[in-house]
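# Next one to model:
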Amino acid sequence: MSLSFDPKALAELAALLNKTGLSEIELEEGGRKVRLARILAPVAVPVAAAPVTVAAPAAASAPVAAAPAADPAKHPGTVKSPMVGVAYLSAEPGTPPYVSVGQKVEAGATLLLIEAMKTFNQIKAPRGGTITQILVASGSPVEFDEPLLIIE
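Residues are numbered from 1 along each chain as shown. Purely as a prediction, here's the structure:
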């Protein structure tokens, strides 16, 4: 099934997002639904990373604390959120996280979950390497394209 939308109407909705400061708009009319989300600058990401250092091993404090100096969105090993939702670092509360700082992962390994519309989506490693930073706290909301963690 192919849906078409008026590009001018979409541009007007995008302008409304910027004008009002909203992060997303969702409209439904006549069985058709459109959702636009504004990508927010990752300035708040290092602030959200602070709780992760409490749950992570003490050795992980230094790499996470260094995050504000560099823009994680520009790092070549950054894994970004493919959707808007809530990030969870483990499968259930009280269970160990999928990954931790310093851990080696293989391509395709589950890194974390993002809950969107009551569905838990596995975020997989795009490549193998070592987890050097975890930029989100478990249970925190994430935006589309927001940096989640860094694999080097």
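# From now on I want contacts and neighbour counts done on CA atoms only, so please keep to that.
Fine.
# other SSEs contacting whichever strand or helix holds Ala11?
Secondary-structure assignment from DSSP states H and E places Ala11 in helix 7-20. Under the contact criterion of 3 or more Cα pairs under 8 Å, 6 or more residues apart in numbering; DSSP states H and E, the helices and strands touching helix 7-20 comprise strand 24-29, strand 32-37.
# Could you dump those strands into JSON lines and include mean neighbour count, distance to Thr110 and mean pLDDT?
What follows is these, written out as JSON lines (neighbours: other Cα atoms under 10 Å; distance: least, Cα to Cα, whole Å; pLDDT from 0 to 100):
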{"stretch": "strand 24-29", "mean neighbour count": "11", "distance to Thr110": "27", "mean pLDDT": "75"}
{"stretch": "strand 32-37", "mean neighbour count": "12", "distance to Thr110": "25", "mean pLDDT": "75"}
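# so can I have a markdown table of these showing distance to Glu92?
Output for the helices and strands packed on helix 7-20, formatted as a markdown table (distance: least, Cα to Cα, whole Å):
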| stretch | distance to Glu92 |
| --- | --- |
| strand 24-29 | 28 |
| strand 32-37 | 28 |
